[in-house]
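Student: 3D, please:
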Amino acid sequence: MNGYSSSALRMALLLLFAAATAALWGQTSTADLLHFDQARLGHQRTAMLVLGGWAAGNIATGLTWRSRSTGQNRYFHEMNALWNGVNLGIAALGYWSAGHVADSPTLYGAINEHYGFQKILLLNAGLDLGYMAGGLYLMERAKNTDQRPERLRGYGRSILLQGAFLFAFDLANYFISAGREKEVRMLLGAAENGIGMVIYW
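Tutor: Numbers count the residues shown, from 1 in each chain. The predicted structure is shown next:
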């Protein structure tokens, strides 16, 4: 075998090895992406189940105790039931949405959805503070009116409770999601001491 043929053979073997390595890396990276996306969706489904459970429990107890209570307690249970009718709808829609996604996620799509979920949670946490402030306002206003103050006080207590739960719920889920940043960095090709490149096949 002459020198030219030997060099050509070595080059062919090197290219074959490189192609096999790239294909193996591509398969592994695709599996990592699928695992990440399924974990993300699983977290969202679990969060919606928690919200739905809270909502269903509040609706059941609210309707039960509304008819057995008087004064501000009656209005407290009434608002709990009304408020959580909305929560139940949100939970059902969120759970359904998390179960109807593409079987083959893209890197951009999965990471965009990951951060989009976090933004929604933070936005909701801000709204939750507003709900709590609104509840406190109604309770304070009840002290200075003769027009059914028990209703204002009962509604205010309920809205304060619901806002506090949602605030804790949204922040807890935000931190759970944010705790997966290492996985995001690995999907983007982060190495221990720098940045690499991930190729998806």
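Student: Strands along the chain, start to end?
Tutor: Secondary structure of the chain (DSSP state E): strands at 190-191, 194-195.
Student: which of the ones you listed has the lowest average pLDDT?
Tutor: Of all the strands of the chain, mean pLDDT reaches its minimum on strand 194-195 (a mean of 49).
Student: Give the rounded mean pLDDT of stretch 46-58.
Tutor: The predicted model assigns stretch 46-58 a mean pLDDT of 98.
Student: Quick one: low-confidence residue ranges for this protein.
Tutor: Along the chain, segments meeting pLDDT under 70 span 1-28, 102-103, 190-201.
Student: Could you export stretch 68-83 as PDB, keeping only the C-alpha atoms?
Tutor: Taking Å, rounded to 0.1, in the frame of the first residue of the first chain, the C-alpha atoms of stretch 68-83 are listed here in PDB:
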ATOM      1  CA  ARG A  68     -74.800  26.700  57.800                       C
ATOM      2  CA  SER A  69     -73.300  30.000  58.700                       C
ATOM      3  CA  THR A  70     -74.500  33.500  59.300                       C
ATOM      4  CA  GLY A  71     -73.000  37.000  59.200                       C
ATOM      5  CA  GLN A  72     -69.500  37.500  58.000                       C
ATOM      6  CA  ASN A  73     -68.800  33.700  58.100                       C
ATOM      7  CA  ARG A  74     -71.500  33.100  55.500                       C
ATOM      8  CA  TYR A  75     -70.000  35.600  53.100                       C
ATOM      9  CA  PHE A  76     -66.500  34.200  53.800                       C
ATOM     10  CA  HIS A  77     -67.500  30.800  52.600                       C
ATOM     11  CA  GLU A  78     -69.600  32.200  49.700                       C
ATOM     12  CA  MET A  79     -66.500  34.100  48.300                       C
ATOM     13  CA  ASN A  80     -64.300  31.000  48.800                       C
ATOM     14  CA  ALA A  81     -66.700  29.000  46.600                       C
ATOM     15  CA  LEU A  82     -67.000  31.800  44.000                       C
ATOM     16  CA  TRP A  83     -63.300  32.600  43.800                       C
END
